[in-house]
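**Q** sequence first, then the predicted structure:
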Amino acid sequence: MAGGHVATVYIPVLMRDLTGGREQVNVTGRTVAQVIDALDAAYPGAKARLCDGDQLARSLAVSVDGVITRLRLYAPVQADSVLCFLPMIEGG
């Protein structure tokens, strides 16, 4: 993407088999959805593990720059943003 719009994505342990063991990767995107698409292009199978169809998997939350976003796939991503995919914690 033009302008060096690159985000850092921390890879969950259970997905590191896709990234050759890498804990973090850099991909382009202006929304969480675009970042996931770029991640899947670089590491096939990533989108299938993060999404259910065209939605972020219900079992996951996404953090952009340290803040859990309710916008999920539509959350904006800035140049140099840091994304983390986290398991949702169910209350009891």
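**A** Good, I have the coordinates. Note that the structure is a prediction, hence the values are computed from the model and not measured.
**Q** where does the protein have low pLDDT?
**A** Applying pLDDT under 70 to the chain flags the ranges 1-4, 90-92.
**Q** so where do the strands sit in it?
**A** Applying DSSP state E to the chain gives strands spanning 6-10, 24-28, 51-52, 55-56, 60-64, 67-68, 82-87.
**Q** ok, which of the ones you listed comes nearest Tyr43?
**A** strand 24-28 (7.3 Å; CB to CB). (C-beta placed from N, C-alpha, C; glycine too.)
**Q** list the contacts for Leu71?
**A** Going by CB atoms under 8 Å, 6 or more residues apart in numbering, Leu71 touches Val32.
**Q** again, but for Val35
**A** Ala7, Val9, Val27, Thr28, Gly29, Val77, Leu83.
**Q** between those residues, which has the most around it?
**A** Neighbour counts for the contacts of Val35 (other CB atoms under 10 Å) peak at Val9, which has 30 neighbours.
**Q** Arg49 and Gln78, how far apart?
**A** 24 Å (CB to CB, to the nearest Å).
**Q** quick check: longest helix in this protein by residues?
**A** helix 32-42 (DSSP state H).
**Q** quick one: that helix to strand 24-28, angle?
**A** Calculated by axes from the mean of the first three to the mean of the last three CA atoms, to 10 degrees, helix 32-42 forms an angle of 110 degrees with strand 24-28.
**Q** hmm, back to that, and the two most separated of the contacts of Val35?
**A** Maximum pairwise distance in those, criterion CB to CB, is 12.1 Å, between Thr28 and Leu83.
**Q** which neighbours do the two have in common?
**A** Joint contacts of Thr28 and Leu83 (CB under 8 Å, 6+ apart) are Ala7, Val35.
**Q** Arg49 and Gln78: which is more packed in?
**A** Neighbour count, other CB under 10 Å: between Arg49 and Gln78, Arg49 has more, with 18 against 11.
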